[in-house]
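A.B. asks: how would this look folded up:
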Amino acid sequence: MRGLAGAGAAVPLLGSGRAYAESRAVPTDVVLPGRLGNPALTMIEDPRLDPRVRRALAAAPPGGPGASLPRVTLDSSYDDCLKWVSAMERTLMGQDAAALAAMPAFADLLERKEAIPGDGGDIDLYLDMPKDRGGKLPCVLHIHGGGMAFTTARRPLTVRWRKTLAQQGMVVVGVEFRNAGGVLGNHPFPGGLDDCARAVRWVHANRGDLGISSLVVAGESGGGNLAVATAVKANLEGWVDAIDGVFAMAPMILGFYTSVPPELLAWRENQGYQGTDEMMRAMTRVYDPEDSHETNPMAWPFHATRDDLKGLPPHIVTNYELDLIRDDGAVYARKLQEAGVPAVSRTVDGAVHVPEIAMPDLVPELARETVRSLAGFADSLGA
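C.D. replies: Next comes the predicted model:
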């Protein structure tokens, strides 16, 4: 085998497919992961969980911050879903004081704010860049998470992420897009997507003034949806050349209406760890109140066809082992590859939903690795 592999030859498949499989007995001691193997398992009990996260959760007060959220069901009304979104937003923002206190100084950066016209009024853009710069720099347009429904680009954890990226020698642009609910008002699809698209086109039109060599659209969770969907929108509308790459972390690219495809095992494996069908349904309902965009690839890129995807720029998709939506991004990356789009999908073992941004001081080496990956990706795409 060593000689065969060393010579660059293909390693032959073992057996002949079905015949080989039928010849192998199924082990009786196999334990399926997560709630596939034990429906009563909790995230803190899951042996795969990063032990640092387990210790932090064990030290937290019983019930956690989500204990006070109103209950939602798969049949909750639009108004009840809006109330849940607002409560979730308040819960998250209750953590902002601690995040602000832990914020590094970032004295080596310049920051400024721009306001560009949008359909719903001005769109605020927050720019960070190194004070000392030579020639052109790669640019990342960052779209924050929150299920397309809550929080803002001004949250301390989001600000910290943008500035951390800028320290790697990049121009970083944060977008204050219209959410589907919460403190910024109720703006269902396509309000937020249109704002992100306008921001991308503004950055592209100002490449010279900004001194940028490439433009990567990046986002996490709901922001991952909007990053991916902005590229799909650009492709369908004929301006995809404005985008050089897409970097999506745990992209929320599948809406929950009545069920999920059977190949997405993480929806069953990690059900209830950080998210549930009911929570996903609430965010979906707020984003699409009339249930009229279930298979629209600009609302939910998971449903994009080969023709929708053909011609897109390179993508990197990061997924997390204990995340409810882990498999969504992996399947989407395969669809990209089948459409001829350069795409890499990776899964971080032991990780919950986007810990690099949610808890950067708890998993510093993962945060550094993701930052380096994004910076290297953006730099590689420079003209």
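
A.B. asks: make sure Glu263 is actually in contact with Val331.
C.D. replies: Yes. Glu263 lies in contact with Val331 (C-beta atoms under 8 Å); the separation is 6.5 Å. C-beta here means a position set from N, CA and C on the backbone, and glycine is covered the same way.

A.B. asks: quick check, Glu111 in a strand?
C.D. replies: Yes. Counting by DSSP: H, G, I helix; E, B strand; the rest coil, Glu111 is part of a strand.

A.B. asks: got a pLDDT number for it?
C.D. replies: pLDDT for Glu111: 97.

A.B. asks: that one contacts Asp128, correct?
C.D. replies: Yes. With contact defined as C-beta under 8 Å, Glu111 reaches Asp128; the gap is 5.1 Å.

A.B. asks: neighbour count: the two, which is higher?
C.D. replies: Taking neighbours as other C-beta atoms under 10 Å, Glu111 and Asp128 compare with Asp128 leading, 23 against 14.

A.B. asks: could you tell me which residues make contact with the more buried one?
C.D. replies: By C-beta atoms under 8 Å, 6 or more residues apart in numbering, the contact set of Asp128 is Phe106, Leu109, Leu110, Glu111, Arg162, Lys163, Leu165, Ala166, Val171, Val172, Gly174.

A.B. asks: quick check on these: which are buried?
C.D. replies: The neighbour-count test (16 or more other C-beta atoms under 10 Å) marks Phe106, Leu109, Arg162, Lys163, Leu165, Ala166, Val171, Val172, Gly174 as buried among the contacts of Asp128.

A.B. asks: mind listing which of those are in strands?
C.D. replies: By the criterion of DSSP state E, membership of those in strands covers Leu109, Val171, Val172, Gly174.

A.B. asks: can I get those in JSON lines with distance to Val240?
C.D. replies: Output for these, formatted as JSON lines (distance: C-beta to C-beta, whole Å):
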{"residue": "Leu109", "distance to Val240": "30"}
{"residue": "Val171", "distance to Val240": "21"}
{"residue": "Val172", "distance to Val240": "21"}
{"residue": "Gly174", "distance to Val240": "22"}
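
A.B. asks: quick one: which of these is nearest Leu137?
C.D. replies: The shortest approach to Leu137 among these belongs to Val171, at 5.2 Å (C-beta to C-beta).

A.B. asks: elements contacting the helix or strand encompassing Arg90?
C.D. replies: Using DSSP states H and E, Arg90 maps to helix 78-93. Identification of packing neighbours for helix 78-93 by 3 or more C-beta pairs under 8 Å, 6 or more residues apart in numbering; DSSP states H and E yields helix 277-287.

A.B. asks: report the angle between the helix it packs on and helix 78-93.
C.D. replies: Calculated by axes from the mean of the first three to the mean of the last three C-alpha atoms, to 10 degrees, helix 277-287 forms an angle of 110 degrees with helix 78-93.

A.B. asks: rewinding a little: list the residues that contact both of Glu111 and Asp128?
C.D. replies: Joint contacts of Glu111 and Asp128 (C-beta under 8 Å, 6+ apart) are Lys163.

A.B. asks: Gly255 and Asn270, how far apart?
C.D. replies: Distance of Gly255 to Asn270, computed by C-beta to C-beta, to the nearest Å: 18 Å.

A.B. asks: more crowded one of those two?
C.D. replies: Using other C-beta under 10 Å as the criterion, Gly255 and Asn270 rank with Asn270 on top: 28 against 25.

A.B. asks: dump the residue contacts of that one.
C.D. replies: Contact partners of Asn270, counting by C-beta under 8 Å, 6+ apart, are Gly34, Arg35, Met43, Leu322, Asp323, Leu324, Arg326.

A.B. asks: apply 6 Å and report the result again.
C.D. replies: Neighbouring residues of Asn270 by C-beta atoms under 6 Å, 6 or more residues apart in numbering: Gly34, Leu322, Leu324.

A.B. asks: show me where the stretch 51-200 of the chain has strands.
C.D. replies: Ranges of strands in the stretch 51-200 of the chain, per DSSP state E, counting those that start in this stretch, are 109-116, 123-130, 137-143, 171-175.
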